[in-house]
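> Sequence isn't available, so here's the structure alone:
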């Protein structure tokens, strides 16, 4: 196919030899399948800020560290330079998270480089070598659902042990390769130690997985891994290989009304985002 303008620099640098086809176009980016020597990989081309519909919400960016103090000061201002620095930090967040999580043993696409807003990474393939389907596009047996759920929860634990929370984990951003689920789409990855919404986001990620896999293995609906994982993390007892029970003893004291309202609002927002993803998926089909 004709080389898209945004991929031309990678071709010029010899990082990409051929653009094979476009795999998908979403709210944040377009993904192309490319050939790099004898390897087939993916090139994720991030859309410009004004063309993306995923908002760079403050709740996701809170706690992210910026090594350069000049950049940090600029990002706190509304100048053109400050907005550019903020945009660059947002784009680099997924790249940094992929390298960090791969080192931590989390099953994510292996990154191979990031040039001018284009992320070159491993193409997740199914047993036939074709692009792997999203979790939402497959039908599971109860045994598969239990196995995949266990593997995703184990990766959530490894992520949090590495200091990160996905922040938008659902059946729409987990792929299924020949054997295992693979977590994708991490530009909104949350710094667990420095974000006031970290606990809620972790529980939302885990609950999304519980609801999805619970369609095929209903007993999973009775588990409470999110609160168990966070309790271990807060106590300093969470490790990459922590053994979980799926049980958690809830506080029976009176609920805080403000916290309850926050949970309700978060649930409404989550459902709205879920419906948006469904509509986007239908548009792609």
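Alright, I've got the coordinates. Since we're looking at a predicted model, the values are computed, not measured.
> can we go C-alpha only for contacts and neighbour counts from here?
Noted.
> in the stretch 151-285 of the chain, which segments are predicted with low confidence?
250-271, 273-274, 276-285 (pLDDT under 70).
> In it, mark out all the strands, start to finish.
Applying DSSP state E, counting those that start in this stretch to the stretch 151-285 of the chain gives strands spanning 164-165, 174-176, 181-183, 190-191.
> Which among those strands is found nearest to residue 48?
strand 190-191 (21.3 Å; Cα to Cα).
> Would you mind pulling up the elements that the closest one packs against?
The contact analysis (3 or more Cα pairs under 8 Å, 6 or more residues apart in numbering; DSSP states H and E) places strand 190-191 against strand 164-165.
> what sits up against the strand it packs on?
The contact list for strand 164-165 (Cα atoms under 8 Å, 6 or more residues apart in numbering) reads 97, 156, 159, 189-192, 198, 201-202.
> Just checking: what are the partner strands of that strand?
In the sheet containing strand 164-165, its partner strands are strand 190-191 (antiparallel), by DSSP bridges.
> what about the residue nearest to residue 240 when sequence neighbours are not counted, how many neighbours?
The spatial neighbour of residue 240 that comes closest, neighbours along the chain excluded (Cα to Cα, 6 or more residues apart in numbering), is residue 158 at 4.6 Å. Residue 158 has 23 neighbouring residues, counting by other Cα atoms under 10 Å.
> now swap in residue 234 and tell me
11.
> Reformat the strands of the stretch 151-285 of the chain as a markdown table; add mean neighbour count.
Formatted as a markdown table, the strands of the stretch 151-285 of the chain follow (neighbours: other Cα atoms under 10 Å):
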| stretch | mean neighbour count |
| --- | --- |
| strand 164-165 | 24 |
| strand 174-176 | 23 |
| strand 181-183 | 24 |
| strand 190-191 | 26 |
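> all helices of the stretch 101-250 of the chain, in order?
142-161, 198-214, 225-234 (DSSP state H, counting those that start in this stretch).
> Many thanks, I have nothing further to ask.
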